[in-house]
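> Return a 3D structure for these sequence lines:
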Amino acid sequence: MTWLYLVNDRSVVFSVFRTFHAEVTNQFGRSIKRLRTDNAREYFSQSNGFQEFLSTRGIIHQSSCAHTSQQNGVAERRLRSLLDGTGTLLIQMGVPKTYWGDALLTARLLANRLPSSILGGSSPFALLHPQHDPFPLTPRVFGCVCFVHNLGPELDKLDPRAERCIFLGYSRTQKGYWCHSPRLRRSFVSADVTFFEFESYFITPHEDCPAVLDSNIPLPRLALPDPIPSPSSSPPLPVPESCMPSPFSAPPLSVPPSSTFYEPSSSLKAPEAPPPAPTKTYQRKSKSTSHQPPPAPSASQPEITTTSSQVPVDSPIASRTRSHSTAHPISSVVSYDSLTPMFQSFVSSLSSVFVPQSLPAALDHPGWSAAMDLEMEPFRPIIHGIWFPFHRELGPSVAAKFTTSNTYLTGQLSALRRT
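Purely as a prediction, here's the structure:
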């Protein structure tokens, strides 16, 4: 346990010691056996009555040898710990050194309440005062901004009800916070205080952390070297805006070898990036009666500028318009790279499956014709001679009644049985 007294002059050491001796005797019922100090004159002066006070009470006064501070190691190490804590409290919130006394008292209060392994995880304050709460008030950040509420009757209706102060510690004799107002040059001890623990009284936020609080700091711009033209007699051709690379995963467009562009210096060339994965696009199914599946989608879809008379029917919708040109084709944003290989194979097979749009197209396709024959095979013994093969001569109106749907087929067979 550490007791700390702040004095203005060393001549009052004797009076401070008498106060401490009376407190220990009255509060703990103990007597002081030994007093160990350095060789300061105020401890050995005969005029102030210090030695006479120690002799009459049987207190042995021990002193260290001259210029041998290591003999008083316990006090020196404790003082070093308190000074480290004091500096931490002052630097953390930018408190001036003029408030070192309040910071030292706060560091002593916290040190007495810290658990120690020597004491079995307990604190010195808990051993001396087991019936008292170590923190009757919630601990606050030293040096933060606080507002002491003033509800006195002398205030006018329009007067402020709080005073902006700096938090400097805790009162020993009152259950309140010790606050000081530099504007009024007055100190307050109050329990009705509002704290802003993340705001320092002496440091503005922009001075404390400008990089975090000021989001409008301009970013540095990198100076690029001047482009060096390639040796060619022809002037460089401008690149059209529609041919600029898209920010998505579309593959780069091929450039004719005859075009000439600015090339950076060989020492400044960046490493070539790997080519992006090819993208896949959907295509509308063909409405013709052809049995062959449409061609597989191309790996890239460049810009389209053409007329409808030059575009085949199997082309995408965007290419079948009368005159179409876009700087952002759909192939730049449609990609199946995030799909698993199994789903990629399934999606790719959707465009290769031929779906007939009429009955003659289905009969001409060997796969669809075989599927209809396989589905009608179980019903041949029931129909007997009623079943007859499908032919084109029946026409769409008659052949449409004989579909491969199980539901319609069951109803048709029931009607045939009743006849």
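> Helix, strand, or coil at W178?
strand (DSSP: H, G, I helix; E, B strand; the rest coil).
> oh, I was asking about V148
The assignment at V148 comes out as strand when based on three-state DSSP.
> tell me which residues form a beta bridge with it?
E163, V193 (DSSP bridges).
> so it sits right up against V189, yeah?
No: assessed by C-beta atoms under 8 Å, V148 is found out of contact with V189, at 9.2 Å. Every C-beta, even on glycine, is put in place using the N, C-alpha and C of the backbone.
> Find the residues that touch each one of these two.
Both V148 and V189 are in contact with C179, where contact means C-beta atoms under 8 Å, 6 or more residues apart in numbering.
> Which one of these two is surrounded by more residues?
V148 (24 against 15; other C-beta atoms under 10 Å).
> In this structure, where is pLDDT below threshold?
The chain contains residues with pLDDT under 70 at 205-326, 331, 351-353, 382-419.
> Using the record's domain definitions, break it down for me.
Following automatic domain parsing, one gets these domains for the chain: 10-63+73-121, 144-209, 299-334, 359-418.
> now these as JSON lines including distance to S345?
Listed next are those as JSON lines, based on distance: least, C-beta to C-beta, whole Å:
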{"stretch": "domain 10-63+73-121", "distance to S345": "63"}
{"stretch": "domain 144-209", "distance to S345": "54"}
{"stretch": "domain 299-334", "distance to S345": "16"}
{"stretch": "domain 359-418", "distance to S345": "19"}
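> Any figure for the gap between S15 and L114?
30 Å (C-beta to C-beta, to the nearest Å).
> Which of the domains of the chain sits closest to W3?
Of all those, it is domain 10-63+73-121 that lies closest to W3, at 6.2 Å by C-beta to C-beta.
> how many other residues sit next to the residue lying closest to R36 once chain neighbours are set aside?
Distances taken as C-beta to C-beta, 6 or more residues apart in numbering place Q62 nearest to R36, at 4.5 Å, with adjacent residues excluded. For Q62, the neighbour count with other C-beta under 10 Å is 10.
> Surely Q62 is within a strand?
Yes: assessed by three-state DSSP, Q62 belongs to a strand.
> so what's I59 up against?
Contacts for I59 (C-beta under 8 Å, 6+ apart) come out as I32, K33, R34, L35.
> Phi first, then psi, for it.
With angles defined as degrees, to the nearest 10, I59 sits at phi -90, psi 120.
> For Q70, the count of nearby residues, please.
Neighbour count for Q70, taken as other C-beta under 10 Å: 8.
> For it, which residues are in contact?
Residues in contact with Q70, defined by C-beta under 8 Å, 6+ apart, are E76.
> need the contact list for Y5.
The neighbourhood of Y5, defined by C-beta under 8 Å, 6+ apart, consists of V16, T19, F20.
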